[in-house]
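Engineer: No sequence on hand, only this structure:
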C-alpha cells in the first residue's frame, strides 16, 4: 500500500511529495479508513515554523564580530569578564587524590606524597619564567587568559613546550584564529588524513595535528601527540558547548551578537538624547511675525558663535549664550514666550527594557541575572537561591575546565618531574607507557580542581548546616571545608595543630600567673 508524504515545506513554494509505504506505519493507522498520514515537522499550522535552515557556522566572521564586541561593547565585555572572574578568579587549585585502593597502597599512606606533589606544582605555577613559554604569566594568569580567549574566540590552542634551562614543561597559548587550514602548496596532511578548519583528522576521526599561522605569514603543522613519545603536545580548549562532530568552538557571544549590538546602540541613543536635552535647555517660540527681542544674545551675558557648513555646502552661523542660573526674561515682544526643550520619548523606560534583555542573555548563558548585573536587591532567601544556582554552574565549569585545560598540563608536568627524578613515584613511568594498565596510571594522577568559593550571605547559618550534615553522616569535613572556604581539611588540621601549639606557648606565662593568683587567694581565705 503506497501513500504520499509531504516533505520540504517552505513558505511561498509548492510542497514536494515522496511515496511512503503505509505498511510500515503503526497497525492502527494502517487499518483505519479515517486515519490520515502526514509528517510531523514541528509546525502547529502550515508554515508556522517558517523556513528550515541547515546552518554552516562561519567561524571566521563569528570570531571577528565577537572580538569586535568585546573591544567596543560594554555589555559584551561585562559578560565575559564576569564569567572569567567567577569561574577562574585567581586560578583553579589542584588537589591530588591518588586512588590508594587501586594502587594497592595502605589507606592514608599517600597523603604526604600528595601534599608534596601539590606544593611542587604550586611553586611551578607561580614561576612566570618556569611555567609560561613567553615568561609573562603565572599558571593562574594563564588559566584566565585561556578561558577569556576561549569565550571570545570559541577556542584556544594549548601547546606544551620543554624549557631548555629547567628541562621542565612550559605552557604556550595560541589564539584560535591562528589555527587555519593551509592554502595551496603551503602544507598537506599526512596520507589518509584531512584538514578541516585548521584541524587535521585521521581516518578514525581522531585529531592528529593543528595547522598554525606564523608571524611571517607561513603556516606550520603542530602534532597533537609526539610521534615517538606519544606524549600530548597540543589540544584545543573550547569556551562553550559544541556539537559532536564539530572540530572548532563557537564564541560565547555568537548567539547574542545582534542583541548586544542593538542594545548598545539604544543605550548610546538614549545617552545622546539626554546630552542634547542638557544642551538645548530652552528656546523662544514666536507666534507673531514681529522682530524678535533676542533675549538670550541681547542681554549682558557671555556670547559665542559657531560657523559651520551644512550638507548643501551653505555656511550657517549659530549664536550661543551662557546664562546664569535663575535667569529672568523681561520685555519680551508680544508673541514671544520661552519654551523648555523636552526629551521625553520611548527611551524614558530604557532601564526596564535593558533589564529585560540582560535577563534573557543571562538565562541563555546559565547566569542568574543578579550576578550578571551585580544587583542584589532581593531578600536573603532569593539571593541565596541565585548563588546556589550559580554554584551548580560553577561546579560544572570547574570540572570541565579542570579536565580539559588543567589536568593534561598537570599530568605532563608530573610525568616530566618523575622522569627527571624530582618526584618519587615508583612505577609511574612504566604505567604511563603501558596502555593495559590504564587504571593504575589513572589512579596515580587522579586530581580534583577547585575554584574560589563564593562566600555565603549568612556564614553562621551555613556553618550550622555544615555541622548538622557532618553529625548526621550526610557529608564529610573534607567536603564541607571545600564547599565553605575552598580549603583542604587535612591541611587545616595540620596548620591548626601548629597554631594551637604556638598559642599555648604564648599563653603559658599568663596561665601560670593566673594559677599563682588563684593559689594565693585560697591561702588568704
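Structural biologist: Perfect, I can see it now. From a predicted model like this one, the values you see are computed outputs, not experimental measurements. Numbers count the residues shown, from 1 in each chain.
Engineer: So which residues of the stretch 101-250 of the chain form strands?
Structural biologist: With strands called from DSSP state E, counting those that start in this stretch, the stretch 101-250 of the chain shows them at 155-162, 169-175, 194-196, 199-201, 207-213, 219-223, 234-238.
Engineer: Please point out which parts of the longest helix anywhere in the chain sit buried.
Structural biologist: For the chain, the longest helix by residue count, based on DSSP state H, is helix 489-524. Across helix 489-524, burial judged by 16 or more other C-beta atoms under 10 Å covers residue 490. Using the backbone N, CA and C atoms, a C-beta is placed for each residue, glycine as well.
Engineer: Could you pull up the mean pLDDT of that helix?
Structural biologist: Mean pLDDT, helix 489-524: 78.
Engineer: again, but for stretch 219-236
Structural biologist: Rounded mean pLDDT across stretch 219-236 is 91.
Engineer: now that stretch: how far from the chain's centre is it?
Structural biologist: 27 Å (C-alpha atoms, centre = their mean, to the nearest Å).
Engineer: Can you give me the end-to-end span of that stretch?
Structural biologist: Using C-alpha to C-alpha, to the nearest Å, the end-to-end distance of stretch 219-236 comes to 17 Å.
Engineer: Other residues contacting it?
Structural biologist: 155-160, 176, 179-180, 182-183, 186-187, 199-200, 207-214, 248-249, 404, 408, 411-412, 415, 433 (C-beta atoms under 8 Å, 6 or more residues apart in numbering).
Engineer: Emit the PyMOL select command for whichever of those are buried.
Structural biologist: Of these, the buried ones go into a single PyMOL selection, burial set by 16+ other C-beta under 10 Å:
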select buried, resi 155+156+157+158+159+160+176+179+180+182+187+199+200+207+208+209+210+211+212+213+248+249+404+411+412+415
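Engineer: of the strands of the stretch 101-250 of the chain, which approaches residue 512 most closely?
Structural biologist: The minimum distance between residue 512 and these falls on strand 169-175, with 54.5 Å, by C-beta to C-beta.
Engineer: That closest one versus strand 207-213: what angle between them?
Structural biologist: 60 degrees (axes from the mean of the first three to the mean of the last three C-alpha atoms, to 10 degrees).
Engineer: now for strand 169-175, which elements pack on it?
Structural biologist: Secondary-structure packing of strand 169-175 (3 or more C-beta pairs under 8 Å, 6 or more residues apart in numbering; DSSP states H and E): helix 128-131, helix 139-153, strand 155-162, helix 407-419.
Engineer: of these, which approaches residue 335 most closely?
Structural biologist: Here helix 139-153 is closest among the helices and strands packed on strand 169-175 (C-beta to C-beta), at 60.6 Å.
Engineer: which residues touch the closest one?
Structural biologist: Against helix 139-153 from outside (C-beta under 8 Å, 6+ apart): 63, 66-67, 70, 80-81, 83-84, 87-88, 90-92, 124-126, 131-132, 137, 156, 158, 171, 173, 175-177, 237-240, 249, 251-253, 401, 405-406, 409.
Engineer: so how far is it from its chain's centroid?
Structural biologist: That offset, for helix 139-153, works out to 9 Å (C-alpha atoms, centre = their mean).
Engineer: for stretch 208-220, same thing?
Structural biologist: So, by C-alpha atoms, centre = their mean, the centroid of stretch 208-220 is 27 Å from its chain's centroid.
Engineer: The residue nearest to the spatial centre of the chain: what secondary structure?
Structural biologist: Of all residues in the chain, the one closest to the mean position by C-alpha atoms, centre = their mean is residue 83, 4.1 Å from it. Under DSSP: H, G, I helix; E, B strand; the rest coil, residue 83 falls in the helix class.
Engineer: ok, now residue 77?
Structural biologist: Of the three states, residue 77 takes helix under three-state DSSP.
Engineer: what residues are up against it?
Structural biologist: Residues in contact with residue 77 (C-beta under 8 Å, 6+ apart) are 70-71.
Engineer: go again using 6 Å as the cut-off
Structural biologist: Going by C-beta atoms under 6 Å, 6 or more residues apart in numbering, residue 77 touches residue 70.
Engineer: ok so, going back, point out the most buried one among the helices and strands packed on strand 169-175.
Structural biologist: For the helices and strands packed on strand 169-175, average neighbour numbers computed from mean count of other C-beta atoms under 10 Å are highest in helix 139-153, which has a mean of 22.
Engineer: now it and helix 407-419, what's the angle there?
Structural biologist: Using the same axes, to 10 degrees: helix 139-153 against helix 407-419 is 150 degrees.
Engineer: what's the nearest residue to residue 76 if we skip its chain neighbours?
Structural biologist: Leaving aside its sequence neighbours, residue 76 sits nearest to residue 69 (C-beta to C-beta, 6 or more residues apart in numbering; 3.9 Å).
Engineer: Then the one you found would be within a strand, right?
Structural biologist: No. The assignment for residue 69, made by three-state DSSP, is helix rather than a strand.
Engineer: Buried residues, stretch 438-451. List them.
Structural biologist: Buried residues in stretch 438-451, counted by 16+ other C-beta under 10 Å: 440-441, 443-447, 449-451.
Engineer: Now, of the contacts of helix 139-153, which are buried?
Structural biologist: Buried, going by 16+ other C-beta under 10 Å: 63, 66-67, 70, 80, 83-84, 87-88, 91-92, 124-125, 131-132, 137, 156, 158, 171, 173, 175-177, 237-240, 249, 251-253, 401, 405-406, 409, out of those.
Engineer: Outline the domain layout of the chain.
Structural biologist: 1-54, 59-288+348-454 (automatic domain parsing).
Engineer: Which one, of the ones you listed, ends up nearest to residue 505?
Structural biologist: domain 59-288+348-454 (24.9 Å).
Engineer: what sits against residue 408?
Structural biologist: Neighbours of residue 408 in contact, by C-beta under 6 Å, 6+ apart: residue 232.
Engineer: where's residue 275 relative to residue 269, distance?
Structural biologist: 11 Å (C-beta to C-beta, to the nearest Å).
Engineer: Kindly report the same for residue 141.
Structural biologist: Noted for residue 141: a distance of 38 Å to residue 269, by C-beta to C-beta.
Engineer: Is residue 313 in a helix, a strand, or coil?
Structural biologist: Look at residue 313: counting by three-state DSSP, its state is coil.
Engineer: All the helices of the stretch 301-450 of the chain, in order from the start?
Structural biologist: 350-364, 369-373, 380-401, 407-419, 428-433, 438-445 (DSSP state H, counting those that start in this stretch).
Engineer: lowest-confidence helix or strand of the chain?
Structural biologist: Least confident helix or strand, the chain: strand 2-7 with a mean of 44, by mean pLDDT, DSSP states H and E.
Engineer: got any ranges where this structure has weak pLDDT?
Structural biologist: For the chain, the stretches with pLDDT under 70 are 1-35, 277-311, 316-334, 340-348, 377-378, 380, 454-457, 486, 520, 522-525.
Engineer: Present the buried residues of stretch 438-451 as JSON lines; the columns should include distance to residue 103.
Structural biologist: Converted to JSON lines, those look like this (distance: C-beta to C-beta, whole Å):
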{"residue": "440", "distance to residue 103": "6"}
{"residue": "441", "distance to residue 103": "10"}
{"residue": "443", "distance to residue 103": "5"}
{"residue": "444", "distance to residue 103": "7"}
{"residue": "445", "distance to residue 103": "11"}
{"residue": "446", "distance to residue 103": "10"}
{"residue": "447", "distance to residue 103": "15"}
{"residue": "449", "distance to residue 103": "21"}
{"residue": "450", "distance to residue 103": "23"}
{"residue": "451", "distance to residue 103": "28"}
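Engineer: helices or strands next to the longest helix of the chain in the packing?
Structural biologist: In terms of contacts (3 or more C-beta pairs under 6 Å, 6 or more residues apart in numbering; DSSP states H and E), helix 489-524 is packed against helix 477-485.
Engineer: buried ones in the helix it packs on?
Structural biologist: 480-484.
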